[in-house]
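> Show me the folded form of this:
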Amino acid sequence: MVRLIRTIVPVLAVLAATAACSSGDGGSEQRLTEQRESYCTQLGAWQEVRDEAVDAEDSGAEADGASGYDMVGAVADDAFLAMEPLRDEPVGEGRTLAEATVAAMKSNDRPALSLVTQYCLDNGFETQLG
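From the prediction side, this is the model:
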């Protein structure tokens, strides 16, 4: 939970900074970079929480009486929100970022997860897999 908070606070700061940016060309490029960073941060948080939920399920443990998958869903929602302004960006194999993100998170589509992870790496950001 502490890790999640450490992830969310910087993302909120980035979102606040994004809202304050000017609409000039430099501001647009900066905004795009910040949106990509926010998305990749949220994707990494989702990967981490998902892996923890899988590990907990494999060991038969549940945290605080709630399924670890409840937290995975909440973090996935944050990643979907961060993805929204970037949804039409191509990630390869004829897919958009939105299509690949949904497939990776909702259908456990490994090739889609590889595409979104590579998207983050190509834009200078790491995720848990990157």
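
> residue boundaries of the helices in this protein?
Taking DSSP state H, the helices of the chain run over residues 2-20, 25-59, 68-83, 97-107, 110-122.

> What count of nearby residues applies to L86?
Other residues lying near L86 total 20 when counted by other C-beta atoms under 10 Å. Backbone N, C-alpha and C define where each C-beta goes, glycine included.

> same question but for S114, I mixed them up
17.

> what's the pLDDT at it?
On pLDDT, S114 comes in at 97.

> before we move on, back to that, quick one, which of the helices of the chain gets closest to Q128.
Across the helices of the chain, Q128 has its closest neighbour in helix 25-59 (3.8 Å, C-beta to C-beta).

> Roughly how far does V116 sit from G60?
30 Å (C-beta to C-beta, to the nearest Å).

> neighbour count winner among those two?
V116 (29 against 6).

> for the protein, which spans come out with low pLDDT?
Residue ranges of the chain with pLDDT under 70: 1-25, 61-67, 129-130.

> Take the helices of the chain and write them to TSV, including distance to E89.
Below are the helices of the chain laid out as TSV (distance: least, C-beta to C-beta, whole Å):
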stretch	distance to E89
helix 2-20	16
helix 25-59	9
helix 68-83	9
helix 97-107	5
helix 110-122	7
